[in-house]
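Novice: turn this into a model:
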Amino acid sequence: MLRALLRRLGVGPRTRRKHRDFNAVDRAALRTAENVPVVDMHNPGIRVEQNIIKNVEAELMLCSDLRELARSLGFMSSEPQQVFSAAVAGAEEERRKLGDVQVTPIRVTGRDERQPADKVAPWGHGDAFDVTKVPAYLQDVERSIRARDAFALGPLRDVTINYRLGRMFKLDPHIDPEADGENVVIVGLNSDTVLTFTRGGQGLLRTPEQIARQSWHPDDIDVAFPRRAAVFFSGDARYVWKHAIRAGVLLGKPHNVICDWWGDLARLVPRSDERISVVMAFGKV
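Specialist: Purely as a prediction, here's the structure:
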């Protein structure tokens with residue numbers, strides 16, 4: 001038990017001293033918004049680990065626990081998202097129908113984000129983070145991340161859960177608070193999606209439809225993010241590049257489903273109705 005505790009605290013003989021090299025999985029997952037593969041020398045610090053959650057059964061159990069957590073500690077993390085999707089292949093009618101729908105993103109975190117006091121997760125964050133107050137099923141996720149022995153991870157400093165419904169996964173470009181830690185891991189559940197890293201972000205004067213169709217900047221990096229996988233980012237990807245999820249595109253009849261696109265508008269990734277992400281931040285080794 002002592003060794004397991006030390007590993008969670010980021011110390012002990014199994015602590016990796018540097019992140020693994022970029023590998024074939026990373027190269028296969030990363031493309032620019034102009035559909036150019038991202039070579040290692042242009043990768044700002046993004047790595048992808050498949051099947052951090054080992055199978056569908058484990059995912060179902062974890063999602064059940066996280067829904068209950070969202071019901072008890074979740075709060076509205078932003079204004080309700082108005083459904084916006086770029087019209088693709090004659091989907092204008094379906095788009096108009098979806099335009100009246102609003103979906104509220106739900107969030108659980110130990111950070112003070114001006115949520116009601118009874119909605120602040122008991123584990124806290126940063127220097128005051130208390131891993132003993134993290135539910136066992138989330139500690140299991142942390143152990144799965146560390147078990148890969150792929151990353152140089154110090155102590156856990158933040159756990160945040162984001163819960164989205166209605167295929168509305170839109171996430172504005174942002175950089176997580178520096179106090180969370182220098183290494184961030186996002187585990188995606190229940191839906192494939194595309195996570196986009198951008199340096200342009202909201203500074204460019206682009207309309208929502210231009211962003212949906214072209215991204216924020218041609219040099220943006222799209223990361224194919226399958227369910228049960230983890231995207232890890234550090235270095236410039238953590239502190240210089242913002243990460244985001246575009247509003248999506250609507251694939252018209254007979255499909256009528258909102259999709260992400262990966263590197264090219266023709267490379268569509270259908271979304272499931274629900275997506276839950278677990279965000280963990282780690283300090284220095």
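Novice: list the contacts of the longest helix along the chain.
Specialist: Criterion DSSP state H: the longest helix present in the chain is helix 56-73. Applying C-beta atoms under 8 Å, 6 or more residues apart in numbering, the contact partners of helix 56-73 are 53, 106, 108, 119-121, 135, 137, 141, 161, 163, 189-190, 227-228, 274, 276, 278. (Glycine included, C-beta is placed from N, CA and C.)
Novice: next one: stretch 40-54
Specialist: The contact list for stretch 40-54 (C-beta under 8 Å, 6+ apart) reads 19-23, 25-27, 29-30, 59, 62, 141, 144-145, 148, 150-151, 187, 189, 197, 221, 223-226, 228-238, 240-241.
Novice: sorry, back to before: can you tell me which of the contacts of helix 56-73 end up in strands?
Specialist: Among the contacts of helix 56-73, the members found in strands (DSSP state E) are 106, 108, 161, 163, 189, 274, 276, 278.
Novice: excluding chain neighbours, what is closest to the third one?
Specialist: Same thing as I161. The shortest distance from I161 to any non-neighbouring residue, by C-beta to C-beta, 6 or more residues apart in numbering, is to V108 (4.2 Å).
Novice: if we can go back for a sec, could you pick out the buried ones from the contacts of helix 56-73?
Specialist: For these, a neighbour count by 16 or more other C-beta atoms under 10 Å gives the buried set as 53, 106, 108, 120-121, 135, 141, 161, 163, 189-190, 227-228, 274, 276, 278.
Novice: please name the nearest non-neighbouring residue to F22.
Specialist: D40 (4.6 Å).
Novice: for that neighbour, report the pLDDT, please.
Specialist: D40 is assigned 97 on the pLDDT scale.
Novice: now do it against V187, distance only.
Specialist: 24 Å (C-beta to C-beta, to the nearest Å).
Novice: picking that back up, if we take the buried ones among the contacts of helix 56-73, which one ends up nearest to R267?
Specialist: R227 (17.4 Å; C-beta to C-beta).
Novice: I'd say the closest one and N190 touch.
Specialist: Yes. Contact criterion C-beta atoms under 8 Å: R227 and N190 qualify, at 5.9 Å.
Novice: residues shared between the contacts of the two?
Specialist: Both R227 and N190 are in contact with 59, 272, where contact means C-beta under 8 Å, 6+ apart.
Novice: ChimeraX command to pick out the buried ones of the contacts of stretch 40-54?
Specialist: To isolate the buried ones among the contacts of stretch 40-54 in ChimeraX, judged by 16+ other C-beta under 10 Å, type:
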select :19,22,26,29,30,59,62,141,144,145,150,151,187,189,197,221,223,224,225,228,229,230,231,232,233,234,237,238,241
